[in-house]
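**Q** When you get a sec, could you give me coordinates for this:
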Amino acid sequence: MLFMDKKPLGNLVSLALKLLWRDWQGGELRLLFLALVMAVTSVTGIALFTDRLEKALLLESANMLAADRIVSGRGTLPEAVLQEGQARGLRTAETLSFTSMVFSDNGNMLVAAKAVTDNYPLRGDVIVADAPFVRGTPIQSGPPVGEVWLESRVLPALGIDVGDSVYVGETELTVGRIIIAEPDRAGGSMVDNAGPRLMLHMDDVERTSVVQLGSRVSYRYLFAHDELNVLDEFEAWFRAREEWRGRYYIRDIREESQEVSEALDRAESFLLLGSLFAVLLAGVAIALTAKRYSERHYDYVAILKTFGCTSGQISIIYLTIQLVLAAIAVVVGWFLGYLVHQGILLLLQSMMLVTLPPASLQPYVIGSLTAFICLLSFALPPLLALRETPPLRVLRKDMSQQKIGAKVPYVFGMFGTILLVFWYSQDLLLTSVLVIAVAVIALFLSLVSYLFLRSSGSAGMKAGSAWLLAMTAARRRRKQNVLQVTVFSITIMSLLILTLLRTDLIDEWQAQIPENTPNHFMMNITQDQITGIEAFFAENGVQSNAFYPLISARVTRVNGDLPDPQGELGADNGGGTLTENAQLDDVELDEAAAAAIANTQSDAAPELNGQQASSGGTRVRGQLSRRQVTWADDLPSDNLITAGSWWGENAEPGYVSIEQDYARWLDLELGDRLEFEVNQQVISAEVSSYRSVRWDNMQPNFFVIFSPGTIDHLGATFLSTALLEREQKILLNDLIRLFPTIVVIEIDALIEQIQTIIAQVTSAIELIFLLVLLSGALVLLSCVNATLDERFHENAILRTLGAGKKLILSSLLIEFAFIGIVAGLIATIGAEASLYFLQEKVFGQEFSLHYWVWLVGPLLGMFIIAGLGVNSTRKVVSISPLNVLRRVV
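**A** Numbering: from 1, shown residues only. Sure, this is the predicted structure:
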């Protein structure tokens, strides 16, 4: 016999390639090939798009630092940091911030001065103009030696114009341009935001003699590079230097600004969630087409076995076919995926403010592995079934029993889905939400299918009715219908979730940063100034907001022991919030540091005396850094209690509520007794609750909130916010003149950056929705086509017995419409359940039912599935019954 002897592997592969070509010419492989191409195209296209968009968002956000990485610290910074960065090919710049008085012949004003080197800024632009309060022009440089640039509101306060001279310390400088905006204005410390900006060249600092012993200054080194791996390697080198730990810090935009970090994390979650649906739908499409392909090959395998082909050889042949087909589909999918992502970028080009960095190879790897994992996960069970086909099936078509369990395909498929989703997302929570939603739908379907089949048994008693034909067909194909309803439900659920994601979730995110979001933080306000500030704003038509008490405090003991932080407090734990930035990075110069400023070319970087605690939440010599704390009767509106309880109206002193990540960092438990050093006094308080905090809502937020009566008597300053339009900013001069001790921080650039991120993500989700919609439509068509052979046979017999085309089409319409309603209802339940977990656990938002979905879901399922189903199966009544029966026999 042909296969009695062991055939060389090469012969089996050759036979597999011949069968591949024959099946392709016969059209049997085209549906599976299209499913694979669709999987690779959608996943690769979306992955390329999201990969580049995430990099672009991070790059645009880096504009707020004027760099990709910044190094700051307590004192002048080591020259070795700059030298190492330059040796690695990084672009570098330096800034030095301090407060100073600026004088003219007509007045004087306290300003936040910033000295910059020639390369500043490394990212973003300085927006400048030749007149105050006008739209400016972006440039990528700072002032030359001998010039100062001023913010608009400084000029009327000093009674000067562009070209006039001002005095900064002991030197006279010329006003060269007006600063409309600068990239890193929203970040920084109290020194960076102590007043309107005055920018000068670094070489002019020595001549001013402003920076002296006791001056409060902020040092920064700026680094940038177009390749992320170079930046990451440099950051790793820096963090490995033990002698700098606790004194010098390296940050990116996520660590520098918690508000932007939250926005970027949420943007990535939105994009990732949309992409995951493409992965799920790709797996479903491959599963359906592979199943149909294997069923159509039972007879051929039986013939091969009659010629002596073994089960092992069958496995090699068909595994080769599928792997070769997958490899071809991957190449085609790569090309089409690239075109898809280019099309998306073309639509978004007007919104991209920077050149998109090139994508990594990871999206192509994701697309390839998606095809192969889906193929092996969903096609392997039918392959195992093929190898067990008995040779006797050549004579008896009913002999197609599979020796593998009926549940094996579902186990393989579920495992492959979980593997793909988790590997793609690297997010256990997102993976759990989606997998649980699919599992719940599958369990729910078992009950629904049982009730469905029971009702269909007695549904139509009228002989020849379309309803009876539809229900009888549904009962006869109960396994296939359960699978169909599952597929339809998952597809519709994906579309509903993306719809709700685009509308409710993103709209709620946008609502948290509305157009009237306050764009100025006012700090260092005393109790007796509050009434006057409120009156000033009311008189000038500016809405004032609440005033929050503010005290600097440090945790000194936890249950009597020194605090033991778990690692470093980074961006994920709010390391750089607007409230905290009031005291980060600014240091008081000792003699050595002041001497270094006097000699800016010094090779040696002096060290501070180490008495001041470090920033960023790390520990220095047994002490934690100070935090801005407050007290409150009521829980802040955007805070949620995650453990314990709030003290309520009848609050007693001696309790404290801790932000949940900060509590985790300090390894705290409810009931722990904390000791704080507040204004040189020791305050003891018990941890009563943990809170989640919305860092990206541009409102004052706090790590630590005390119960009333605990620290009220220790003397606090106050913090408030206000919204001033561009033409109202000149009022800040009058406000500071009336209340010279307050500090105003402008955060317009920060708000604009977050709103840009939201806008880009919104457009991206809309386009991803279209891709998933197309993928879903192809999945539905694949599902319908999977039952075409059986429907051809059934309807050929019905037409032979006298059934008319109208009766058959009516029964098909009823069958698909009913399946669509059931699938739509189940999809609605799954979508609402998934949205609950996503809103509550992933995006930190409050969940509310979407009542309109309960109507739209079933109707959407009925119209889409009925339309696609009937349109795809119309040909079952157009082919001659005799031809169909001859082909079957």
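
**Q** In the stretch 101-250 of the chain, where is pLDDT below threshold?
**A** 186-194, 213-214, 246 (pLDDT under 70).

**Q** quick one, helices of it?
**A** Assigned helices in the stretch 101-250 of the chain, in chain order: 154-158, 205-208, 228-239 (criterion: DSSP state H, counting those that start in this stretch).

**Q** Could you single out the most deeply buried of those helices?
**A** Ranked by mean neighbour count, these are led by helix 154-158 with a mean of 22 (mean count of other Cβ atoms under 10 Å). From N, CA and C alone the C-beta is placed, and that goes for glycine too.

**Q** Not counting its own residues, what contacts that helix?
**A** By Cβ atoms under 8 Å, 6 or more residues apart in numbering, the surrounding residues in contact with helix 154-158 are 102-104, 106-109, 111, 132, 161-162, 166, 175, 178, 196, 198, 730, 733, 737.

**Q** Just the CA trace of that helix, in CSV.
**A** The C-alpha coordinates for helix 154-158 follow below in CSV (Å, rounded to 0.1, in the frame of the first residue of the first chain):
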residue,chain,number,x,y,z
VAL,A,154,5.7,91.8,34.1
LEU,A,155,5.8,94.6,31.6
PRO,A,156,2.8,96.7,32.8
ALA,A,157,3.9,96.2,36.4
LEU,A,158,7.3,97.7,35.6
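
**Q** So what are the sheet partners of the helix or strand encompassing residue 642 and their directions?
**A** In this structure, residue 642 is located in strand 639-644 according to DSSP states H and E. Next to strand 639-644 in the sheet, as set by DSSP bridges, lie strand 681-693 (antiparallel).

**Q** How many neighbouring residues does residue 242 have?
**A** Using other Cβ atoms under 10 Å, the number of residues around residue 242 comes to 7.

**Q** Going by contacts, tell me the helices and strands next to the following helix or strand past the strand holding residue 642.
**A** With elements assigned by DSSP H and E, the helix or strand that comes after strand 639-644 is strand 655-659. In terms of contacts (3 or more Cβ pairs under 8 Å, 6 or more residues apart in numbering; DSSP states H and E), strand 655-659 is packed against strand 681-693, strand 704-706.

**Q** Buried residues, the longest one. List them.
**A** Of the residues in strand 681-693, those scored as buried under the neighbour-count criterion (16 or more other Cβ atoms under 10 Å) are 683, 685, 687-691, 693.

**Q** What distance do you get for residue 154 to residue 416?
**A** Going from residue 154 to residue 416 by Cβ to Cβ, to the nearest Å gives 64 Å.

**Q** and residue 692, what are its bridge partners?
**A** residue 640.

**Q** Which residues are in contact with it?
**A** Applying Cβ under 8 Å, 6+ apart to residue 692 gives the contacts 639-640, 642, 659-660, 844.

**Q** Tell me the pLDDT of it.
**A** Listed pLDDT for residue 692 reads 86.

**Q** From the buried residues of strand 681-693, pick the one nearest residue 314.
**A** Distance to residue 314 across the buried residues of strand 681-693 (Cβ to Cβ) is lowest for residue 690, with 59.6 Å.

**Q** looking at it, the closest one is touching residue 643, isn't it?
**A** Yes: counting by Cβ atoms under 8 Å, residue 643 is a contact partner of residue 690 at 4.4 Å.
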